[in-house]
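Participant: below: sequence and its predicted model.
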Amino acid sequence: THPNVEHGVRTATVACIILTVAAYVFFMQFIQNEGRHAVRMQTELALAQGIQQTLVPIVDLRSGGVEIYGVSLPSAEVGGDLVDVVPLPDGSVFAYVADVSGHGLPAGILMGMIKTAVHTQLFDLPTPVAVFDRLNEVLPAVKEPHMYATCTALRIFENKPDRMCRVDFAIAGQPPMLHASTSSAAASQLADQQLPLGLLAGPPYKGHS
């Protein structure tokens, strides 16, 4: 065999081996990076799901003539959905549904902050308007600029003698509530076009009865 041919074969063989080894190294690095990314995503998802389960338990409250039920069922991408009900010392009940923009751990953390702020405000002035004003004041300092929350809040008062209820409510950035009357067998929408919470500084929120 001609020496030049043998040299060429050996060179091509060595080059193939080097390229194979390099390709293997790059492939393993890619797998490791993707593995770390997958582990990070799974860890974040597990943390967010833990926050969701701890802060948003199933709501099942019966007090006199008032019955309130609620559940939050997170999807694969955990978000900041929140449903909560708080019995108050005067016998009334404060209930609200909130939704934080975005998904994942940041939304779950902000959802926990919102629940804490609501429960703190209920010690001072437990009205939907006061809660909205407090949230709109504190949220900008603890969230990312693009994040915000929408919320519908109700305070339900029961008249003990006849078990008739009065409801004060406010809505911030959410669709209308559906009000169904058993006495008239009619349904109506209770709408309130107000800005989401923590998005912009604006005038005080308004409530309705």
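Facilitator: Arrived safely, thanks for sending.

Participant: after the host helix or strand of residue 120, which helix or strand is next?
Facilitator: Using DSSP states H and E, residue 120 sits in helix 104-122. Later in the chain than helix 104-122, the nearest helix or strand by DSSP H and E is helix 128-138.

Participant: so for that next one, what gets flagged as buried?
Facilitator: 128, 129, 130, 131, 132, 133, 134, 135, 136, 138 (16 or more other C-beta atoms under 10 Å). Glycine gets a C-beta too; all of them are placed from N, C-alpha and C.

Participant: can you name every helix or strand that the host helix or strand of residue 83 contacts?
Facilitator: Assessed by DSSP H and E, residue 83 sits inside strand 79-87. Here strand 79-87 touches strand 59-63, strand 66-70, strand 93-103, helix 104-122, going by 3 or more C-beta pairs under 8 Å, 6 or more residues apart in numbering; DSSP states H and E.

Participant: partners of that strand in the sheet?
Facilitator: Within its sheet, and counting by DSSP bridges, strand 79-87 is paired with strand 93-103 (antiparallel).

Participant: not counting the partner strand itself, show me its contacts.
Facilitator: 59, 61, 63, 66, 68, 70, 77-88, 107, 110-111, 114, 118, 122, 126, 128, 131, 146-156, 174, 196 (C-beta atoms under 8 Å, 6 or more residues apart in numbering).

Participant: could I get the average pLDDT for stretch 169-179?
Facilitator: The average pLDDT within stretch 169-179 is 84.

Participant: got any ranges where the chain has weak pLDDT?
Facilitator: 1-17, 19-28, 30-57, 73-79, 104, 160-163, 185 (pLDDT under 70).

Participant: ok, back up a step: out of the helices and strands packed on strand 79-87, flag the one nearest residue 170.
Facilitator: Residue 170 lies closest, by C-beta to C-beta, to one member of those: strand 93-103, at 9.3 Å.

Participant: helix 104-122 and that closest one, what's the angle between them?
Facilitator: 160 degrees (axes from the mean of the first three to the mean of the last three C-alpha atoms, to 10 degrees).

Participant: for strand 93-103, output the C-alpha coordinates as CSV.
Facilitator: The C-alpha trace of strand 93-103 is given here as CSV (Å, rounded to 0.1, in the frame of the first residue of the first chain):
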residue,chain,number,x,y,z
VAL,A,93,-68.5,36.1,57.2
PHE,A,94,-65.8,37.5,54.9
ALA,A,95,-65.3,35.5,51.7
TYR,A,96,-63.2,36.3,48.7
VAL,A,97,-61.8,34.8,45.5
ALA,A,98,-58.4,36.1,44.1
ASP,A,99,-56.3,35.3,41.1
VAL,A,100,-52.6,36.4,40.8
SER,A,101,-51.3,36.9,37.3
GLY,A,102,-48.7,34.5,36.1
HIS,A,103,-47.9,30.9,37.1
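
Participant: between it and helix 128-138, how many degrees?
Facilitator: Using the same axes, to 10 degrees: strand 93-103 against helix 128-138 is 30 degrees.

Participant: could you list the buried residues of strand 93-103?
Facilitator: 93, 94, 95, 96, 97, 98, 99, 100, 101, 102, 103.

Participant: need the contact list for the nearest residue to the third one once chain neighbours are set aside.
Facilitator: Excluding the flanking residues, the one nearest residue 95 by C-beta to C-beta, 6 or more residues apart in numbering is residue 85, at 4.3 Å. Under the criterion of C-beta under 8 Å, 6+ apart, the contact list for residue 85 reads 59, 61, 68, 70, 93, 94, 95, 96.
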